[in-house]
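Chemist: below are the sequence and a predicted model for it; my questions follow.
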Amino acid sequence: MAVTEQPRVEPGQWNLIERVHPAWWVLGFILLVMPLLANDFWLFQVFGWTFILGMIALSMMFLAGYGGMVSLIQMTVAALGGYMVAILGTSGVAEISQGLPWWVYVPAAILIAAAFGTLVGALAVRTEGIYTIMITLAIASAFFYFARQNYGLFNGYSGFNLVVPPMLFGVDWRGAVPFYYLTLGCAVLSYAAVVYVSRSPFGLALQGVRDNPRRMAALGYSVNAHRIAAYTFASAIAAVGGILLVWQNAQISPGTAGIPAVIDILVIAVVGGIKRPIGPFIGALIYVVLRTFSPDVLLAFGLSGERFKLLIGMGFLIVVFFSPDGVLGLWEKWQARKPRDPLKGGR
Amino acid sequence: MDGSRNTAGRLGSVSSGNALELRGVTKMFGALAAISDVTMSVRPGERRAVLGSNGAGKTTLFNCVTGDFLPTSGTIRLFGEDVTAFPAYERIRRGLRRTYQISLLFGGLTVADNVYLACRGVSRGRFSLLRPRRGDVLTSRAAELIEAVHLTAARDSLVANLSYGQQRQLEIALALAGAPRFILFDEPAAGLSPTERQELVAILTGLPGHIGFIIIEHDMDVALRVAESVTMMHNGRIFKEGTPTEIENDPEVQELYLGDGSHAHA
C-alpha cells in the first residue's frame, strides 16, 4: 500500500481482517499455539534463536532493502547491546557488572548500542557499495579485537557468564515457553515497526534516498542525515536482538561479535531475501535448522559434524545462484509461473 | 554586498530585489570551462528562457544554481542570500526548485507518493515515523498538485508505468511542491508530443505570478511562448539578452542559433 493511499472503510467492515492476508492469520495462530505443539528444545533453541537472529538480520535488511546500504555492523551492534546488559546489569563477573535494575540497564543498553550504530553510520554513509561493506566490516573486526583485549570493561577473552533475564511477574523468562513468547513478541514488534516505518514519511524518504539520492537532495532532503537516522533505527532493533541473545546463551564473549557471526547475519539476510522484512526470519529459520541438525545428518553419512558450514555455504550458493532475492525471490518466481485466472486476474 | 556573508545575506534580500543573481560564475572541469564568468539577474516572478546549442553550458548553469555542482568561482544569490556554498537541500528549502532534463523520479513508488515526498521534503516532519493520517495537509496538497498537472487518473499508478509525457508532468508537480519561489525547468518539453507540449505550455503559463522561472528549452515555440525575457548562451558564456522578439530578430542569434533566418526550431 502506498503511504498516501487512503484505504476505504465501509461501515461495518473490520478493515484489519480484510487487509491482512489469511496466510498471516494462520501463521500467527500457529506461532501462538506453538508451545502446545513443540518441545522445549524447539521452543528455546530453534524458534528462540530464529527470532533473535531474524531480528538482527532484519536490522540489516532495513538498511539494505530500504536504504540501499549493506552494513556488516549489525551483529556488532547487537553484541554491544548484549555486553551492556552484562556490564550494567548482573553477571558472574561481579567486579565489572554494575548490578543496576533491569529498567535501567535494558534501555541504557539499547541506547548505547543505537548510539554506537549511529556513529558507525555517520562514517559509513560517506561511502557506497563495496566500500560501505568494507568500512563496516573493518569496524566490526576492530570491535572484536578490542573486546578480546580489553579486560577492564569487556573482560577480555572470557567475556561474561551468568547473564540471565530478570525475574519479572514471578516468571523465569529463560524458561522455554516464556523465552519463546518473549522472543516471539520482540520479533513481531520489530517486524511491525519496520513495516510501519517503511511506509512512514521517514521510510518513504529512505527509499527515495536509496533510489535517487540526487533527486532527494533536490526535493529538500539531507541525504546523509536520513541515512544516519536509518542506522539509528536499525541499530535499536539489532540491540534488542543482542540483549535476547545474551539472555539465551546466558553469556557473551568476543566471539559473539566475531567475523564468522557477522558474516552469518549477512548470509541469513541474503538467503531469506533482503527486499522484504519477512525474509530475514525465513533465512534465520533455515540457518538455525541447518546449524542445529546438519551435524547429525553429516555424522549419519560418516562425515565430520563440524562441516555443517559446508552445507550452509552450499545452501547459500544455491539460493543466490537461482534467486538473488533469496528464498522469497524463489517463491515469487514460482508464483509468477502459475497461470492467471482469466476472469479475476489472480493466481 | 561584499562584506561578511551573513550580513550580505540579510541585507541582500532587501537591497538586491532579485530572485536569482549570479556574479562571475565559472565552472571548470579540469581545463574545460563549462560555463565562464556568467553574470545574470532574474527578478522575482520573471520568466526567462535560457537558450543555446548543445554544450553551451545551460544545464551546468542549472547545476551550479541548485548546488549539484559547486562553482569554481563566482557567487550565487537566491533572494539576496549568498547560497554559493550551500548544499542542494538548503537551497530547496529557500524556495528554489528544479526539474531535470532526464526524469529523475522514483519509479517504484506511486504518483501520489512521489508528490507527497516532494511536499514533505520542504516541510517539517521529514524524519517522522508516523504515517500520515486521513486528511493530512500534505496529502491534500499532494492531491491538489496532481490535479494541477492533470495526473489525477494516474494518482495510484507506479511511476515506472507512466508514459513519458506523464513523467514530465509529474516532474513539474514535484517542482511545484511546497512553496516554490523560483523554478528551473530543464527541457521540460523534450520528447513530448505536440498535444503534450500544448498541455505543458498551459501548465507553465498558468503558474501563479509570484513564481519566477528559468526554462531551458530547445523547442523555441514553447520557450518563447512562456518566457518574457531570453538569455542566449554560447560556449559557456552569455551571448545575448533581450525580449523574445529582440532575440528572434537579432541577426547574430539567427546566424549562430536559429540558422540563417529560417523558422524557429533549433
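Modeler: Good, I have the coordinates. Worth saying up front: this structure is predicted, and the values here are computed from it rather than measured. Numbers count the residues shown, from 1 in each chain, chains lettered A, B, ... in the order given.

Chemist: for the nearest residue to B:P132 once chain neighbours are set aside, helix, strand, or coil?
Modeler: Nearest non-adjacent residue to B:P132, counting by Cβ to Cβ, 6 or more residues apart in numbering or on different chains: B:T139, 5.2 Å away. Glycine gets a C-beta too; all of them are placed from N, C-alpha and C. Look at B:T139: counting by DSSP: H, G, I helix; E, B strand; the rest coil, its state is helix.

Chemist: quick one: B:T139 from B:L145, how far?
Modeler: 11 Å (Cβ to Cβ, to the nearest Å).

Chemist: the more surrounded of these two?
Modeler: B:L145 (24 against 20; other Cβ atoms under 10 Å in any protein chain shown).

Chemist: what does the stretch 201-347 of chain A have sitting close to chain B?
Modeler: A:201-205, A:207-208, A:211-212, A:214-223, A:225-226, A:229, A:233 (Cβ under 8 Å from any Cβ of the partner chain).

Chemist: filter those down to the buried ones, ChimeraX style.
Modeler: Only the buried entries of those go into this ChimeraX selection, using 16 or more other Cβ atoms under 10 Å in any protein chain shown:
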select /A:201,202,203,204,205,207,208,211,212,215,216,217,218,219,220,221,222,223,226,229,233
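
Chemist: what's the separation between the residue nearest to B:P132 and B:I35?
Modeler: In terms of Cβ to Cβ, B:T139 sits 40 Å off from B:I35.

Chemist: try A:L43
Modeler: Relative to B:I35, and taking Cβ to Cβ, A:L43 is found at 68 Å.

Chemist: compare neighbour counts for those two and give me the winner.
Modeler: Legend: neighbour count by other Cβ under 10 Å for A:L43 and B:I35, higher for B:I35 (27 against 22).

Chemist: where exactly do the helices run in the stretch 101-250 of chain B?
Modeler: For the stretch 101-250 of chain B, applying DSSP state H, counting those that start in this stretch gives helices covering B:111-121, B:137-148, B:164-176, B:194-205, B:220-226, B:244-249.

Chemist: just those: most buried one?
Modeler: helix B:111-121 (a mean of 28; mean count of other Cβ atoms under 10 Å in any protein chain shown).

Chemist: in the stretch 1-150 of chain B, which residue sits closest to chain A?
Modeler: Here the stretch 1-150 of chain B gets closest to chain A at one residue, B:G121, 3.5 Å apart by Cβ to the nearest Cβ.

Chemist: just to revisit the earlier point, tell me the pLDDT at the residue nearest to B:P132?
Modeler: Listed pLDDT for B:T139 reads 88.

Chemist: which ones among the residues of the stretch 201-347 of chain A next to chain B map onto helices?
Modeler: A:201-205, A:207-208, A:211, A:214-218, A:223, A:225-226, A:229, A:233 (DSSP state H).

Chemist: tell me where the stretch 101-250 of chain A has strands.
Modeler: When secondary structure is read from DSSP state E, counting those that start in this stretch, the stretch 101-250 of chain A shows strands at A:160-161.

Chemist: return the distance of the one helix or strand A:V267 maps to from the chain's centre.
Modeler: Assessed by DSSP states H and E, A:V267 sits inside helix A:259-272. Its chain's C-alpha centre and that of helix A:259-272 lie 10 Å apart, by Cα atoms, centre = their mean, to the nearest Å.

Chemist: before we move on, what about stretch A:174-183?
Modeler: On Cα atoms, centre = their mean, the centre of stretch A:174-183 falls 18 Å from the chain's centre.

Chemist: buried residues in that stretch?
Modeler: Buried residues in stretch A:174-183 (16+ other Cβ under 10 Å): A:R174, A:A176, A:V177, A:P178, A:F179, A:Y180, A:Y181, A:L182, A:T183.

Chemist: as JSON lines, those with pLDDT would be great.
Modeler: Below are the buried residues of stretch A:174-183 laid out as JSON lines (pLDDT from 0 to 100):
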{"residue": "A:R174", "pLDDT": "89"}
{"residue": "A:A176", "pLDDT": "92"}
{"residue": "A:V177", "pLDDT": "94"}
{"residue": "A:P178", "pLDDT": "95"}
{"residue": "A:F179", "pLDDT": "96"}
{"residue": "A:Y180", "pLDDT": "97"}
{"residue": "A:Y181", "pLDDT": "96"}
{"residue": "A:L182", "pLDDT": "96"}
{"residue": "A:T183", "pLDDT": "97"}
